[in-house]
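K.L.:
Provided below are the primary sequence and the corresponding predicted coordinates.
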Amino acid sequence: MLQTISLGQGSLISLDDMKTHLRVNIDDDDSYITSLIQTAQDMIQRETGIRFFNDQYNEILPCFPIPSPTPLKLTRYPVVSIDAVS
């Protein structure tokens with residue numbers, strides 16, 4: 001079972017960089033462009049299964065893999081750190 005503790009926040013591209021790329025010089029559509037950036041980022045994370053920012057999860061497995069050489073497979077990756085195994 002995977003329990004979400006917190007989701008990392010951030011943006012892969014800044015609003016200013018996106019506006020430069022799109023050649024937009026006015027601020028009228030800033031909220032719309034920001035929502036497009038967030039939507040694209042969310043879609044990429046959902047489709048690839050890879051998170052761009054540090055999220056925190058508790059993953060509870062029904063049992064420890066036996067025999068011990070069996071690899072432990074976690075649901076989310078890449079893993080930055082593991083705080084405890086009990």
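P.N.:
Yep, it's here. Numbers count the residues shown, from 1 in each chain.
K.L.:
Got the confidence number for the residue nearest to the spatial centre of the chain?
P.N.:
Note on the chain: the residue nearest the mean C-alpha position is Arg51, at 2.5 Å, using C-alpha atoms, centre = their mean. Among the per-residue scores, Arg51 shows a pLDDT of 78.
K.L.:
need the contact list for it.
P.N.:
The contact partners of Arg51, by C-beta atoms under 8 Å, 6 or more residues apart in numbering, come to Gly8, Gln45, Arg76. (Glycine included, C-beta is placed from N, CA and C.)
K.L.:
redo that, cut-off 10 Å
P.N.:
Shown in contact with Arg51 (C-beta atoms under 10 Å, 6 or more residues apart in numbering): Leu7, Gly8, Gln45, Tyr57, Arg76, Tyr77, Pro78.
K.L.:
out of these, which are buried?
P.N.:
Buried members of these, scored by 16 or more other C-beta atoms under 10 Å, are Gln45, Tyr57.
K.L.:
which among the contacts of Arg51 gets closest to Ser14?
P.N.:
Among the contacts of Arg51, Gly8 lies closest to Ser14 (C-beta to C-beta), at 16.7 Å.
K.L.:
With adjacent residues omitted, what lies nearest to the closest one?
P.N.:
Ranked by C-beta to C-beta, 6 or more residues apart in numbering and with sequence neighbours excluded, the top spatial neighbour of Gly8 is Phe53, at 2.8 Å.
K.L.:
so what's the one you found up against?
P.N.:
So Phe53 contacts Leu7, Gly8, Gln9, Gly10, Ser11, Leu12, Gln41, Gln45 (C-beta under 10 Å, 6+ apart).
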